[in-house]
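Enquirer: Got a predicted structure here, sequence first:
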Amino acid sequence: MLDHILRTLIGSPMPTHQMGEERLSKVRALAALSPDALSSIAYANQEIFLGLVVAGAAGLAFAWPIALAIVALLAIVALSYTQIIRAYPTGGGAYTVARENLGTIPGLVAAAALFINYLLAVAVSLTAGVAALASAFPVLWPHRTAVSLLLLAVITVVNLRGVREAGLVIAVPVYLFLGSFLAMLAIGLARALLEGPGDPAAVAPAPLQSVTLMLVLHTFASGCTALTGIEAISNGVQIFKPPETRHANQTMLAMTILMAVLFLGSTGLTQYLGVVSGPEETILSALARRVLGTNVLYFAVQLALLGVLIVGANTSYVGFPRLASLLARDGYVPRQLSLLGDRLVFSNGILVLAGLAGVLIVLFEGDSHALVPLFAVGAFLAFALSQAGMVSYWLRGRQPGWLIKAVLNSLGTLVTGVALAVMMITKFADGAWIVIVLIPLLVVVFRRIQEHYIAISAQLTLRGLPPSLLPLPEPRIVLPVSGVHRGVIEALRYAGSLSRHVTAVYVEIEPGAGERVRRQWTEWGLDSFARLEIVPSPYRSVIGPLLDYLDRQDHEVNDGQLASVLLPEFVTAHWWEAFLHNQTAWLIKLALLYRRRSLGKTRGIIDYPQHLRR
């Protein structure tokens, strides 16, 4: 039943040879990789408004200059990333570029920064989308966390179905958003030309503070969240149909132009028309209401914005699992994250991302404004490291045109580094310190995981003293029994087929029960198969007395080996029936499995499953 539900939700397994068919065209790739970048105008505009409105109309006057500065930064970063796409057609990304050109530690710092950024991108996109929906339907405002978690589950299932299906599903809301939002901006521009400018002073709230350099820099840092997601195309070059590099760069150009138009258009209209939002409304909702009125068109724009914000999380669902797979292959995160799932996607990475994002949404109670201060620091740290890595790449390789390319990436390093410094200073107290602390902690975790894999490899290697190829002696087998029944007899027969030295052990929890078992053992003639040992347990524990018995037998026999333990185990017909049993065999297995080696030997553990009928 569970498998049927899983196949209905996720789909049937796909053979590996279909991997090439999962590549995307430019139109679908734009939809799959750009939602985070395109939808970031929602929370970037909101953060700029919230940052400046405390200074009243005088503060809101700085929205347009700040937007221009952010778009200039966007252009420089986008041009720099086109160099990465050309240099790393297999999908470079900040981790690969920094590791190969700056060293292991910078590469791991970039990976940690991207991990945090991808995680926050999911949480911020979904909570901002729900905020847009709640602006149109205020009854949802108290239920933002629950709605965000529901949408998180939906987009997780969509991505588990595979890249191609996710790209098709996500293309619809992305292009609906582009069409509706660009149309709204065109209508707004027409109204601005016909009606003239609004009066921000008449609608802006009374200033709570004056305009200061720190206020402007803090707002600029918040607005830089508009750039998050721009690196996704360089990370996912391999999902494009051939020629991958050209298609990726063309998609990067299209995405950058769209981001600039949407961001400058919405910010410019908001300022020109003098739009101000209330406490339970986003600034883009207020702009749409001002331009279109409270009608069907307004609700259509809000739903389109909700749609693109929801699928904005999809960029992370593409980037996070791929980055995790690269780190797993290098031994810095668990190897399970490098495995493709049934639908040719990195399912484990998708589930890890969804689980961590869900925790964040719950912890921050579905409030995107509380999450944003943590957001852009990781992204810009990855930007700066990747650009610095490319400078080193061009200086070492000195390929044709290297000087211009090195200058371009140097400029990218400079501007992203300055922006990062501004963010770390102005947003430190708002929560950026959490990211600053988490990144080195993650790097330490990455290194410890790699040390673990290196230690295992050293123990398993065939280099050095060759292992013995002589056969092992006939094992001694200890069979724990719970009584005399058909399952024990079947396990006893199997044990006899493996060895002539079989001992059955009954741990007596209830006084007198051991003698009853011994009488039954004799009545059924089982003495001819194995000797029965009764081990008293005055403290009613099964595992402790059994382990003590094994140690005693090993010392008494002293045949150069440890007794192997054969565990008969019931397998119920229905999954829920397992909860009706003690699971003693499972607990014994865990105790034996994680017990350190004794006398330099390893104890064998043999499972003997017995499937019960329905």
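Expert: Arrived safely, thanks for sending.
Enquirer: Now do the strands in the stretch 401-550 of the chain.
Expert: Here the stretch 401-550 of the chain has its strands, by DSSP state E, counting those that start in this stretch, at 476-480, 501-508, 531-536.
Enquirer: right, and the ones you listed - which one's nearest residue 327?
Expert: Smallest distance to residue 327 across these (C-beta to C-beta): 41.8 Å, for strand 476-480. Bear in mind the C-beta positions are built from the backbone N, C-alpha and C, glycine included.
Enquirer: relative to strand 531-536, how tilted is the closest one?
Expert: 50 degrees (axes from the mean of the first three to the mean of the last three C-alpha atoms, to 10 degrees).
Enquirer: any idea how far strand 476-480 is from the chain center?
Expert: 44 Å (C-alpha atoms, centre = their mean, to the nearest Å).
Enquirer: Walk me through which strands that strand pairs with, and which way each runs.
Expert: Applying DSSP bridges to the sheet, strand 476-480 is found paired with strand 501-508 (parallel), strand 564-571 (parallel).
Enquirer: which other residues reach the first one?
Expert: For strand 501-508, the external contacting residues (C-beta atoms under 8 Å, 6 or more residues apart in numbering) are 474-483, 488, 492, 495-496, 514, 517-518, 521, 526, 529-537, 542, 545-546, 549, 553, 563.
Enquirer: do the same with the last one
Expert: When contacts are defined by C-beta under 8 Å, 6+ apart, strand 564-571 is touched by residues 475-481, 487-488, 490-491, 494-495, 498-499, 550, 581, 585-586, 588-589, 592, 603-612.
Enquirer: Burial check on residue 237, number of neighbours?
Expert: Using other C-beta atoms under 10 Å, residue 237 is surrounded by 24 other residues.
Enquirer: how close does it get to residue 337?
Expert: Counting by C-beta to C-beta, to the nearest Å, the separation of residue 237 from residue 337 is 20 Å.
Enquirer: swap in residue 375?
Expert: 23 Å.
Enquirer: These two: which has the busier surroundings?
Expert: Neighbour count, other C-beta under 10 Å: between residue 375 and residue 337, residue 375 has more, with 29 against 22.
Enquirer: Can you give me the separation between that one and residue 277?
Expert: From residue 375 to residue 277 the distance is 20 Å (C-beta to C-beta).
Enquirer: returning to what we had before: could you say which of the strands paired with strand 476-480 is packed most deeply?
Expert: strand 501-508 (a mean of 21; mean count of other C-beta atoms under 10 Å).
Enquirer: what pLDDT, on average, does that one get?
Expert: Averaged over strand 501-508, pLDDT sits at 94.
Enquirer: for stretch 127-137, same thing?
Expert: Per-residue scores along stretch 127-137 average to 78.
Enquirer: and it, how far out from the chain's middle?
Expert: For stretch 127-137 - counting by C-alpha atoms, centre = their mean - the centre lies 24 Å from the chain centre.
Enquirer: Please tell me how far residue 111 sits from residue 420.
Expert: 17 Å.
Enquirer: Neighbour count: the two, which is higher?
Expert: Per other C-beta under 10 Å, whichever of residue 111 and residue 420 has more neighbours is residue 111, with 29 against 23.
Enquirer: what's near enough to touch the more buried one?
Expert: So residue 111 contacts 94-95, 323, 327, 332, 442, 446 (C-beta under 8 Å, 6+ apart).
Enquirer: from those, which would you call buried?
Expert: The neighbour count (16 or more other C-beta atoms under 10 Å) marks 94-95, 323, 327, 332, 442, 446 as buried among the contacts of residue 111.
Enquirer: Just send these back as TSV, with distance to residue 103 and secondary structure too.
Expert: TSV is the format used below for the buried ones among the contacts of residue 111 (distance: C-beta to C-beta, whole Å; DSSP: H, G, I helix; E, B strand; the rest coil):
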residue	distance to residue 103	secondary structure
94	14	helix
95	12	helix
323	18	helix
327	16	helix
332	14	coil
442	17	helix
446	14	helix
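Enquirer: Sketch out the low-pLDDT regions of the stretch 51-200 of the chain for me.
Expert: 91-92, 163-169 (pLDDT under 70).
Enquirer: so where do the helices sit in it?
Expert: All helices of the stretch 51-200 of the chain, identified by DSSP state H, counting those that start in this stretch, fall at 56-60, 63-87, 93-102, 104-136, 144-160, 163-195, 200-203.
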